[in-house]
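[1] No sequence on hand, only this structure:
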C-alpha cells in the first residue's frame, strides 16, 4: 500500500501550494517595497535640491533686505532659510524607511498637528497642481462659446466618426 492515503496526499499538496504562495507573496511585497523606497529616495533628493535653491535665494533676498535697512525682515528671512537648509539636509541624509519611521513617530506623538499639517499640505498641493495646469478657456472645453464641439475641427474620417 502507498505510504500516504489520497486525502493525506491532497492535504500535503495543498500545504505545499499555500507555502509556495506565501513565499511568492513575500517576494512580491519585498519587490514593491524596494521599488517604493527607491522612488521615495529619488523624489526626496529632487525635492531637497529644489529646496536648496529656494534657501539660497532666500539668503540672497535677506542680504538685499538688510541693504535696504529692513533688518528685522532680513533676520526673519535668514531664519526661514536656515530651517529650509535643515529640511534639505534631512532629506539628503535619511533614507525612505527612516523618514517613514520619523513620520509615524511624529504622528503618534502629535496626532492633531499631524492631521492638520497633512490637510494643509494636501490643500496646498491641490492648489499648486490646479495652478500649474494649462488654462482651460471656453474654447478648450467640450464646447466653445458658440456651442461647437472640439471634434468639429477634425476632418470627417473613420478615426473620428464616433466622437461627434
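    Done, it's in. These numbers come from a predicted model, not from an experiment.

[2] Below-threshold pLDDT in the protein: ranges please.
    1-4, 133-164 (pLDDT under 70).

[3] show me what contacts residue 96?
    36, 37, 38, 40, 41, 44 (Cβ atoms under 8 Å, 6 or more residues apart in numbering). Every C-beta, even on glycine, is put in place using the N, C-alpha and C of the backbone.

[4] neighbours around residue 81, how many?
    19 (other Cβ atoms under 10 Å).

[5] That one belongs to a helix?
    Yes: counting by DSSP: H, G, I helix; E, B strand; the rest coil, residue 81 is located in a helix.

[6] Contacts only, for it.
    Contacts of residue 81 (Cβ under 8 Å, 6+ apart): 55, 56, 58, 59, 62.

[7] give me that answer again for 10 Å
    Counting by Cβ atoms under 10 Å, 6 or more residues apart in numbering, residue 81 touches 54, 55, 56, 57, 58, 59, 60, 61, 62.

[8] what about the strands in this protein?
    Secondary structure of the chain (DSSP state E): no strands present.

[9] what about the longest helix in it?
    helix 6-67 (DSSP state H).

[10] Mind giving me the packing neighbours of it?
    helix 71-93, helix 96-109 (3 or more Cβ pairs under 10 Å, 6 or more residues apart in numbering; DSSP states H and E).

[11] follow-up on the earlier one: which among the contacts of residue 96 count as buried?
    Applying 16 or more other Cβ atoms under 10 Å to the contacts of residue 96, the neighbour count classes 41, 44 as buried.

[12] Return the members of the contacts of residue 81 classed as buried.
    55, 58, 59, 61, 62.

[13] Which residue, neighbours along the chain excluded, lies closest to residue 78?
    Counting by Cβ to Cβ, 6 or more residues apart in numbering, the nearest residue to residue 78 once its immediate chain neighbours are dropped is residue 62, at 4.6 Å.

[14] which residues touch that neighbour?
    Residue 62 sits in contact with 70, 71, 73, 74, 75, 76, 77, 78, 79, 80, 81, where contact means Cβ under 10 Å, 6+ apart.
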